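> The amino acid sequence is not available; the structure is as follows:
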């Protein structure tokens with residue numbers, strides 16, 4: 001039995017694994033939990049992040065408008081399933097040079113100390129990693145961008161590694177990025193980032209073809225007694241375009257750029273109508289994971305076809321056992 005290092009979350013959304021299922025991750029039976037028209041001017045609501053907050057949950061949601069403008073919005077829920085999302089996007093306080101908006105999308109949220117830190121893909125003469133924080137999900141403060149353009153999928157670790165804050169990200173380009181590996185970066189103050197380390201990359205050939213075009217970090221890494229459990233997305237380029245699936249890896253607890261294990265098989269991919277049909281077909285894109293240290297349960301929030309938001313479930317034992325059963329030998 002493996003163990004999540006963290007707090008118990010007795011109100012974590014949950015459904016038991018369906019009888020007869022051999023999948024390591026299973027979908028919520030009432031998916032999608034957030035429809036594309038969840039707020040009056042939304043074209044789509046997807047690729048969003050949630051955390052425990054007060055007696056329920058709070059989140060930062062990617063809501064593309066009906067003019068297809070990309071921005072992020074705060075929202076709240078009592079049960080992690082039924083959400084009330086603000087109708088107006090987040091307004092950040094800070095240096096006007098930094099807070100000037102071009103576009104914002106694909107947020108992640110993590111609590112460190114008494115602050116809830118937000119990362120998102122931030123437009124600043126090209127995509128880079130925005131960093132901000134809030135204590136109440138009402139007032140938001142924006143810090144310096146982490147990197148020069150071009151970068152996406154910035155994800156902070158939930159605690160310092162040694163003396164430094166730590167982040168995973170995926171360097172990219174200005175377009176749809178037909179490449180992409182995961183890198184680790186460290187910072188003493190969330191402003192100056194360095195000590196960059198390669199973590200892992202795409203897999204050529206057919207050993208694990210679902211992640212042959214590009215990969216990127218998903219939810220905040222989950223601390224376990226075996227190492228950091230990372231859920232990430234992988235992409236293959238098919239004759240019908242990109243297909244986005246989820247995988248998992250285990251990173252060293254003290255040196256997270258070292259990969260201890262990685263799944264050869266994907267853990268969830270587009271199968272249902274709401275995952276296969278939408279503004280961008282065939283996408284399952286994880287951005288958040290709630291965890292309960294007492295039971296080992298994990299609830300994954302993921303974008304479906306760049307249109308709606310889905311919820312899926314697993315446990316730390318399910319994912320670690322799956323990596324052991326279907327290992328990517330070159331990464332172990």
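Done, it's in. Worth saying up front: this structure is predicted, and the values here are computed from it rather than measured. Numbering: from 1, shown residues only.
> drop to CA atoms for contacts and neighbour counts, all remaining ones
OK.
> list the contacts for residue 233?
With contact taken as Cα atoms under 8 Å, 6 or more residues apart in numbering, residue 233 is in contact with 211, 215, 216, 217, 218, 244, 245, 246, 247, 284, 285, 286.
> Next, format those residues as TSV and append secondary structure, pLDDT and distance to residue 157.
Output for the contacts of residue 233, formatted as TSV (DSSP: H, G, I helix; E, B strand; the rest coil; pLDDT from 0 to 100; distance: Cα to Cα, whole Å):
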residue	secondary structure	pLDDT	distance to residue 157
211	helix	98	23
215	strand	98	18
216	strand	98	15
217	strand	98	11
218	coil	98	11
244	strand	98	23
245	strand	98	22
246	strand	98	19
247	strand	98	18
284	strand	99	22
285	strand	98	19
286	strand	98	16
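> Return the member of these nearest to residue 67.
residue 285 (22.5 Å; Cα to Cα).
> pretty sure the closest one contacts residue 243?
No - taking contacts as Cα atoms under 8 Å, residue 285 lies outside contact range of residue 243: 10.1 Å.
> more crowded one of those two?
When neighbours are counted by other Cα atoms under 10 Å, residue 285 and residue 243 differ, and residue 285 comes out ahead with 33 against 22.
> Report the beta-bridge partners for that one.
residue 303 (DSSP bridges).
> quick one: it and residue 19, what's the gap?
Note on residue 285: its distance to residue 19, by Cα to Cα, to the nearest Å, is 25 Å.
> Quick check: which ranges of the stretch 201-332 of the chain have low pLDDT?
Within the stretch 201-332 of the chain, the stretches with pLDDT under 70 are 330-332.
> mind listing the helices for it?
273-276, 316-325 (DSSP state H, counting those that start in this stretch).
> Quick check: which of those is nearest to residue 182?
Of the helices of the stretch 201-332 of the chain, nearest to residue 182 by Cα to Cα is helix 316-325, at 18.6 Å.
> which other residues reach that closest one?
1-4, 24-25, 248-249, 261-264, 296-298.
> And that helix, how far out from the chain middle?
Relative to its chain's centre, helix 316-325 lies at 19 Å (Cα atoms, centre = their mean, to the nearest Å).
> Give the buried residues for that helix.
316, 317, 318, 319, 320, 321, 322, 323 (16 or more other Cα atoms under 10 Å).
> Select only the buried ones of the contacts of helix 316-325 in PyMOL?
Under the burial definition 16+ other Cα under 10 Å, those of those that qualify are selected in PyMOL by:
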select buried, resi 3+4+24+25+248+249+261+262+263+264+296+297+298
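> which among the contacts of helix 316-325 gets closest to residue 106?
residue 248 (19.1 Å).
> picking that back up, which one of the contacts of residue 233 is nearest to residue 149?
Using Cα to Cα, these come closest to residue 149 at residue 216, 16.2 Å.
> can you pull the contacts of residue 226?
Contacts of residue 226 by Cα under 8 Å, 6+ apart are 2, 3, 250, 253.
> Dump these into CSV; add distance to residue 123 as well.
Shown next, in CSV, are these (distance: Cα to Cα, whole Å):
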residue, distance to residue 123
2, 40
3, 38
250, 31
253, 32
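> And what about residue 97, helix, strand or coil?
Assigned with DSSP: H, G, I helix; E, B strand; the rest coil, residue 97 falls in the helix class.
> And it, how far from residue 125?
Residue 97 is 12 Å from residue 125, by Cα to Cα.
> Equivalent analysis for residue 79, please.
Distance, residue 79 to residue 125, by Cα to Cα: 39 Å.
> Settle it for me: which of those two has more neighbours?
Comparing residue 79 with residue 125 by other Cα under 10 Å, the one with more neighbours is residue 79, at 14 against 11.
> Spatially, which residue comes closest to that one, not counting chain neighbours?
residue 56 (6.2 Å; Cα to Cα, 6 or more residues apart in numbering).
> wait, what's in contact with the one you found?
11, 76, 77, 78, 79, 80 are the contacts of residue 56 under Cα under 8 Å, 6+ apart.
> cool, and residue 304?
Contacts of residue 304 by Cα under 8 Å, 6+ apart are 46, 47, 270, 274, 275, 276, 278, 282, 283, 284, 285, 310.
> Kindly report the same for residue 100.
Contacts of residue 100 (Cα under 8 Å, 6+ apart): none.
> Quick check: the gap between it and residue 140.
Distance of residue 100 to residue 140, computed by Cα to Cα: 14 Å.
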